[in-house]
Structures are given as structure tokens and as C-alpha cells.
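Enquirer: The sequence isn't on hand, but the structure is:
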């Protein structure tokens, strides 16, 4: 007696324009991280100091409207897009790996390593990062969902989702709250106190790039929080276990199982070099793209006063002036996982990545109209700019 | 089977974090590490508004008993929707569902399904099944309620000469009566099967208010095990009649009634009035208004709620919905299906809500 059959369907369409916002609980208990309903932060960042509360609120409404417009259009074509990328990525992955099995032939080594590198980049950037953001949760497909997806990257998804989706995206570029500013390793902002250790900034960054995935895995353990007693021992043990298991599987796949099978054709050593190279290429690429997100010239960082009492509009402003885009071709956008649209991604972290390109001109127009910077540039320029910062901040601040 | 599992485990060393099935699904869509799927093999129109969809399920499906149903997942504009449909194929044969166009999901199934399409599946379930020991049966069905009963009839009538089945099926017109020709053929061929079509367009509703109406169609109904499936009011009437009968039953009466309901109404669901929120695993119940995020409601009740950004961007707060519906505080959209993951920081109760936490 338990059949539930055709219920009437609830329309997925979102109304545009002014919509209800989450309100603070009736008990009006302040909750950590909840945005203010109205007003302004204690200090508005310099780049936005010319805007009134009303202007910021209006800007927020305009950006909400852009998001609603995409939500209304999101549908079968987006679902087909992500499935296509998944198919292409998996095709590249198995073809590349299979080619490495005969990589004692030089051409096979080059082709296999290239395909596997592309596959790993696509997997981390356009698939893993974006799916783990929940950009595709709306499909309700358990195979493509932020709670079930696992990626070809050492750090366990849960740990990364916490430091990235929650901490980094909520507190973007707030010194003291967003540890992505330098990943507890590099000095990436003048507000960060200089220590002699920071003299090694360029060296650490150069060493970090080819092993970026291991750096992120270590960072996601939140060791400083543990040392300060903000992270419990149980949580630490749990995270270490998860990381150990994940690292073992990742290590086995690329550095044991693949070379072992390749030994059948006498290509064991070459296959090992191939997977090492593919991981290194992916790491260097991911490191470059990710550093271009918030470190190039023109991006702002913020103080805790600037987020105290922040409204949704101010939050949007902070995302825009704290992020930088990379200009380039469609292929470039795909390979960066659309993080080349970092500004749009930070405004709408859970909109499907394939929609950022169409949102970008509208966001840029809003920035222009409200007199806010919209930082963008070609890859080489942005990479150069981040490296300049790495070098500059290695040195102590000049005495005034 | 064991060898397959060993092989899969060895292969997964090379495919991790994917499972070998995720790679195999490039070549055959029924492969999945996570969810049961089926490929549509044939679509047969039944009436203007209904069709039978045959499918080949992947590994993990279990054979259905006659009368059981399965949850079927369909994609509408990229979004997965789950509905339950009775299986109309006889037990022991490839599964098929017969769907009548009643809403957006069933419309898509009836109108747009093609061979080769992928359906998402959950294994068959339900206890609306044939009795263990042979008994004379009376089937009462209305509209698409014929579907599970058709599976029973197809399973029983051609294969059991000792069976004794009377089917009373009501439909609006002959053109609306699903399986009409096949039923007529079965009745011609097998004397132990009798079918009575009652067309409400011609004769009005079948009257269950007293035993007299039923008595005329099937004089020995009290000696039969009855099965009923159809719309709510049809079943309510049948239930009332059998209840009255058992209250005044003579000892010789063997009247039993098994019912399959096609829809259970979830109360509420409209507007901004909130409702009772039940946290199933935490065993807590809280009355919530329609504007407070479920995350806050849970935290106030002392439930260990996963949480993150509190503004609907990070998806750290997802919890599966067991029942009921929620309102998205950003868009005002009221939505929710059992099993759907809810962003509690931007969702408020729209009517009573059960959460799997």
C-alpha cells in the first residue's frame, strides 16, 4: 500500500528580480558567517569607498538578477556539456595510460604523457574543482555530485571542500581568515608580517609548483589550527587517515600499478617517467592558474574590519575586486576549468562553469558602471605579475 | 562472479578514484559504480495517453514479483526526477512499465522515450503481490490502476489452469481502457478468467456504496481474495465496502482486500507557513516557521548540522530529504523529492519536513 506515483512537478524556474534572501533566525542570535541584512561594513575597501550603501545594495540586486537569469536557462544543454567533458576526459585518461604501457617507443611516450597530462588537467580543473563546488548538484545525478565525486588529486575531497568552498570562498582575500593567501607557506600580502623565513619566498614557490597537489594536501590538514588547539585531535586523526588512504591509492596507481603493467612490454621505467611527468605538468599548470586568481596586480586584500557587518552587496564587491581573470581562447578557458573567469566564479561559485563566459561581459559592465576595477590579462602577464609579487614580498617592507 | 570482483578490484588500482565501471560506462551505459540503470529496448503505445516501456536493466536489478513497482529516474531538462511505476510485465520476464500521462514526468516517459534511452532504476519492491496459496481472486481496477494487476494476470492466467480470476476494470471509454484487447483475448482463451469492463462515460461511476452493485457483477465476491488498485476515491469506496462486510461477516466469508494506492498526499507544501521539521536520525521534532533556514532550525534544536558558508554557495550543509517539501529562500521555489539533497542554509520548511539526519 505504498505506491507514490506521479506528483505534480514543481517548476524549476526561478523568478527574476528582487527575491527573498535568507533571513537571520527569528531568535536573532548572531551566527558565525551570516551576512548582514542591510548597512555597511565597518570599513569599506578603498576601491569601493565611493559607493553608498544604497548603491552597493543595488549592485547586489543586479548581480542576483544575472544569476537568476542563468538559473532559468540552465538545463539539458548544460547536462550534456558536463557529460561530454567527462567522456572526453575518461577517453583521454585510458588512451593516455594505455599508450604509456608501450612507452619504450619514444613517440608512444610523448603521446601517452601528453594525453595523460591533458586528462589530469581536465579532471582537476573543469571536472573536479567545479563538481566539488556543487556546480552540477542541480542535476541530482549521484554520479556527478559534490557529495560523491572524487578526484585525481591527493587531497581528500572533504578536506578540500572545507578549506576551499567554505573558508576561501566565504572569506576571500581577508588576511587572517583566508589562508589561501600564501597557503601558510608564502608571504603573498604586505599585511602579512615579514619574517626572515620569507626570504625563501621565490624558492618555496618554485619548489611548490611541480608538487602542488602534495602542497595542497598538506595545507588542507590545517596544521596551524591544530597547533593552536582550534582543531581537535580526533579531527586531525580522521583527516590524516583519509589523506593516507587517498595518497596510497594515488601513489599506487601512477607509480606502481601503471609501471608494473608496462613492464610486460619492457616499458616499466618509461611509464614511470611518463606518469611522473604528467603529474608534474598538471601540478605546474594548476599552480599557475590558481595563483593567477587572487595574486596578480590589481587584486585587493581585505582586513577583518572590512567584513564586519558586510552585506550581500559588499560581499559581491569584495569577490570582484579581490579576484582576477585570465583572458584567452575557449581552449584556455576549458583547460583552466573556467577559473580564467575567476571573478565570475567567485561571485557565483556554484553556477555551472560553462556559463561563466556569458556572464562575464555583464559583470564587467557592472564594474565599469559602478567604478570598480575588473582585473584581467593574458596568462603570461598574470603569471609574471604573481611571480613579481612573490619576489617583492620576500623582502621586508621598506621603512617609511 | 567472484572472479569478476577480483578482476574489478585489480583494475581499480589503475582507475582510482574512478571505479572500472565508470570507464566501462563509456562503452555501455548500464555500467555504473553507483546507480542502477536500464536501457530502453522497446516502447509500445497502449492508448492515446499511455505506453509500455521495456528495458534491459544493468547488474544489481532483481527479478520482480507480479504486482510490484519500481522507482524510475528520468531526466527532464537535465534534472533527475524519480517516480514510482508498477511493472506490467509478467514475473520471470524482462521488466516493463506501463505509464499513463498524468504529469510532466510521465508525459516525458510516454511521449519522448526511445529505444536506447537510459532509465535510472531502483530495484522492484512492494507487497501488492499474488497470494502464496491458490485462491479465487477478484481484481478491481480503475484507469492506470490496471498496471500491477496486468502483471498478475499475465503471470497467473496462461500458466495456471487451476486459477480463477475475475477482473472488473473501470475506464472512461473503451479507447481509454489499457490492455483491453489482450484482456479480451485471454478471457476467450481461458475459461477460468473473466473480464468485465465498466465504462464510466456510458454507465457512470461503479457504485460501491452497497454490496448490491458488486453482487451483480460478481455474485461470489465474498469467497474471493480481492485486490484493488486505482485512484484514491475508488480505493476509499472499496475499503469502506470490505470493512462493512467484515464487520457483519458470516463465518463462511473469506473476503479480504489488498490495496495498492497510487498516490499518498503529503500535507502542506504551499506558501510560507512552515511546518513540523523532523530530524529522523537525531530523533528531534521542531516546529519551524516558513522563513527560517532549516540549518538554523536544526542548530537551535541541538542537532549536529553540517554547515559552511550559510549563504548557499558552498554546499557543505547538504542533507537528504526523507519527505515533505522545502522553500528555497533565495528564489521562493518550493521543491523537494524523497532522497533529494537539500541546502539547509537557504531552505525553509514548506509544510512538514523529514530530514535524514
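Expert: Arrived safely. Bear in mind that the values here come from a model prediction, so they are computed numbers and not experimental data.
Enquirer: got the phi/psi numbers for residue B:334?
Expert: For residue B:334, the backbone dihedrals (degrees, to the nearest 10) come out as phi -100, psi 130.
Enquirer: Show me the shaky parts of chain A.
Expert: For chain A, the stretches with pLDDT under 70 are A:1-33, A:400.
Enquirer: Please go through it and pick out the longest helix.
Expert: The longest helix of chain A (DSSP state H) is helix A:268-294.
Enquirer: Equivalent analysis for chain B, please.
Expert: Longest helix in chain B, counting by DSSP H: helix B:232-247.
Enquirer: mind listing what whichever residue of the stretch 301-400 of chain A sits closest to chain B touches?
Expert: Of all residues in the stretch 301-400 of chain A, the one sitting closest to chain B is residue A:349 (4.8 Å; C-beta to the nearest C-beta). Glycine gets a C-beta too; all of them are placed from N, C-alpha and C. Contact analysis of residue A:349 by C-beta atoms under 8 Å, 6 or more residues apart in numbering or on different chains lists A:133, A:135, A:165, A:169, B:313-314.
Enquirer: What about these, which are in helices?
Expert: Those of the contacts of residue A:349 mapping onto helices are residue A:169, per DSSP H.
Enquirer: so does the longest helix of chain B get close to chain A?
Expert: No: against chain A, helix B:232-247 shows no contacts by C-beta under 8 Å from any C-beta of the partner chain, the least distance being 9.1 Å.
Enquirer: mean confidence for that helix?
Expert: Across helix B:232-247, the average pLDDT comes to 90.
Enquirer: Residues contacting that helix, please?
Expert: B:140, B:142, B:145, B:170, B:206, B:208-211, B:214, B:222, B:226, B:228-229, B:253, B:255-257, B:259, B:261-263.
Enquirer: Measure how far the helix or strand hosting residue B:83 is from the centre of its chain, please.
Expert: For residue B:83, the host element (DSSP states H and E) is strand B:79-86. Between the centre of strand B:79-86 and the centre of its host chain there is 8 Å, according to C-alpha atoms, centre = their mean, to the nearest Å.
Enquirer: picking that back up, just checking, next helix/strand downstream of the longest helix of chain B?
Expert: Of the helices and strands lying after helix B:232-247 in sequence (DSSP H and E), the nearest is strand B:256-261.
Enquirer: Strand B:79-86 and the host helix or strand of residue B:51, what's the angle between them?
Expert: With secondary structure defined by DSSP H and E, residue B:51 is part of strand B:50-57. Relative orientation of strand B:50-57 versus strand B:79-86 (axes from the mean of the first three to the mean of the last three C-alpha atoms, to 10 degrees): 100 degrees.
Enquirer: Against which helices or strands is strand B:50-57 packed?
Expert: If you count contacts as 3 or more C-beta pairs under 8 Å, 6 or more residues apart in numbering or on different chains; DSSP states H and E, strand B:50-57 packs onto strand B:36-47, strand B:96-100, helix B:104-112, strand B:118-121.
Enquirer: other SSEs contacting the first one?
Expert: I take that to be strand B:36-47. Against strand B:36-47 (3+ C-beta pairs under 8 Å, 6+ apart) you get strand B:50-57, strand B:118-121.
Enquirer: Mean confidence (pLDDT) on it, please.
Expert: Averaging pLDDT along strand B:36-47 yields 96.
Enquirer: Over to the third one?
Expert: Helix B:104-112 shows an average pLDDT of 94 in the prediction.
Enquirer: Quick check: buried residues in it?
Expert: B:104-110 (16 or more other C-beta atoms under 10 Å in any protein chain shown).
Enquirer: Near chain A, which residues of the stretch 201-350 of chain B? Just list them.
Expert: Neighbours of chain A within the stretch 201-350 of chain B, by C-beta under 8 Å from any C-beta: B:259-264, B:289, B:291-293, B:296-297, B:299-300, B:308-316, B:318, B:325, B:328-336, B:338, B:340-341, B:345-346.
Enquirer: can you rerun that using 7 Å?
Expert: Where the stretch 201-350 of chain B comes near chain A, counting by C-beta under 7 Å from any C-beta of the partner chain, the residues are B:259-264, B:289, B:291-293, B:296, B:300, B:308-311, B:313-316, B:318, B:329-335, B:340-341, B:345-346.
Enquirer: Show me what the one residue sitting closest to the centre of chain B bridges to in the sheet.
Expert: The residue lying closest to the centre of chain B (C-alpha atoms, centre = their mean) is residue B:84, at 2.5 Å. Beta bridges link residue B:84 to residue B:71, judged by DSSP bridges.
Enquirer: Residue B:139: what's it in contact with?
Expert: If you count contacts by C-beta atoms under 7 Å, 6 or more residues apart in numbering or on different chains, residue B:139 has them with B:149, B:165-168, B:227.
Enquirer: Could you check the angle the helix or strand encompassing it makes with helix B:232-247?
Expert: Taking DSSP H and E as the definition, residue B:139 sits inside strand B:137-142. Relative orientation of strand B:137-142 versus helix B:232-247 (the same axes, to 10 degrees): 150 degrees.
Enquirer: now strand B:137-142: mean pLDDT?
Expert: Averaged over strand B:137-142, pLDDT sits at 96.
Enquirer: That strand pairs with which strands, parallel or anti?
Expert: The pairing partners recorded for strand B:137-142 under DSSP bridges are strand B:165-171 (parallel), strand B:225-230 (parallel).
Enquirer: Give me the angle between the shortest one and strand B:256-261.
Expert: To tie it back to what came earlier, the one meant is strand B:225-230. Here strand B:225-230 points in a direction 20 degrees away from that of strand B:256-261 (the same axes, to 10 degrees).
Enquirer: show me what contacts the residue positioned nearest the centre of chain A?
Expert: Chain A has residue A:129 as the residue nearest its centroid, 5.9 Å off, counting by C-alpha atoms, centre = their mean. The contact partners of residue A:129, by C-beta under 7 Å, 6+ apart, come to residue A:337.
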